[in-house]
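Participant: okay, predicted coordinates and the sequence, questions at the end:
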Amino acid sequence: MVGSIYSGLIILVDWLIKLFVFSKISGLKIDLKKILLILTGILIFTWVSQGLGPFIESFYLLFILIFILRPRWKPSQYLFYGLVPIVLVDLFQRITGIFIVKHLFVFNVNTSSDDFIFSLFSLLVFLPVYFLFIRIMQVDFENIDIIFNGKMYKRSSFISSMLSCWSIVWSSIL
């Protein structure tokens, strides 16, 4: 993050959207104190890891789950709930080109208010698209816990955990 107030606001709005999607998918309710702590931590991590931000940003939610929210989940649930919101938001941003625009504005010293408004509008467009996607696809995230507690899952949990870890590492390299 270069230090522009607009850059910080873009990062905060982006992470508020990701936290909203996370709470909808996981069913965890996050209180205001924890949201403020999470957003402050994200701004600090982004500022400290200036050049590495785009590469390690995908793992922030995993760290948030482990160190701040601390639900009693299995490791595979941490991976699933920690990465699905990031994947959904980033997939939409990459399909629409917002991902590149967002990073151009965040890492640009001369970000103007017009750039900020465009980027903010682009980020907020995700919310109606998300609700439309969930409604059309009829995705029911409330029943995901049934999958994590089923017999078939227990048999294949090691293999799926290893494949998940491999895909996370591979996608962060590319």
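Facilitator: Yep, it's here.

Participant: pLDDT wise, what is K74 at?
Facilitator: pLDDT, K74: 81.

Participant: ok, now which ones touch the closest residue to it other than its chain neighbours?
Facilitator: Nearest non-adjacent residue to K74, counting by CB to CB, 6 or more residues apart in numbering: F148, 6.2 Å away. Using the backbone N, CA and C atoms, a C-beta is placed for each residue, glycine as well. Contact analysis of F148 by CB atoms under 8 Å, 6 or more residues apart in numbering lists 74, 76-77, 80.

Participant: got a ChimeraX select line for the buried ones in these?
Facilitator: The ChimeraX selection below is limited to those of the contacts of F148 classed as buried (16 or more other CB atoms under 10 Å):
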select :76,77,80
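
Participant: if I read this right, F92 contacts V129, doesn't it?
Facilitator: Yes: assessed by CB atoms under 8 Å, F92 is found in contact with V129 at 6.2 Å.

Participant: of those two, give the one with the bigger neighbour count.
Facilitator: Higher neighbour count among F92 and V129: F92, with 18 against 13, using other CB atoms under 10 Å.

Participant: low-scoring stretches of the chain, by residue?
Facilitator: Residue ranges of the chain with pLDDT under 70: 1-4, 51, 53-54, 98-115, 150-174.

Participant: how about residues contacting stretch 138-145?
Facilitator: So stretch 138-145 is in contact with 24-27, 80, 133, going by CB under 8 Å, 6+ apart.

Participant: what about it, start to end distance?
Facilitator: 17 Å (CA to CA, to the nearest Å).

Participant: buried stuff in that stretch?
Facilitator: Buried, per 16+ other CB under 10 Å, within stretch 138-145: I144.

Participant: may I ask which helix or strand encompasses the residue sitting nearest the centre point of the chain?
Facilitator: Taking CA atoms, centre = their mean as the criterion, I86 is the residue nearest the geometric centre of the chain, at 2.9 Å. Using DSSP states H and E, I86 maps to helix 75-96.

Participant: run a quick neighbour tally on G82.
Facilitator: 23.

Participant: make 43 the starting number, not 1.
Facilitator: Okay, using 43 as the starting number, the last item reads as G124.

Participant: could you measure from the residue nearest to it when sequence neighbours are not counted over to S65?
Facilitator: If the residues on either side of it in the chain are set aside, G124 comes closest to L104, at 4.0 Å by CB to CB, 6+ apart. L104 sits 16 Å away from S65, going by CB to CB, to the nearest Å.

Participant: do the same with E99
Facilitator: With CB to CB as the criterion, E99 and S65 are 19 Å apart.

Participant: looking at the two, which is more packed in?
Facilitator: E99 (20 against 14).

Participant: quick one: contacts for the more buried one?
Facilitator: Taking CB under 8 Å, 6+ apart, one finds 88, 128 in contact with E99.
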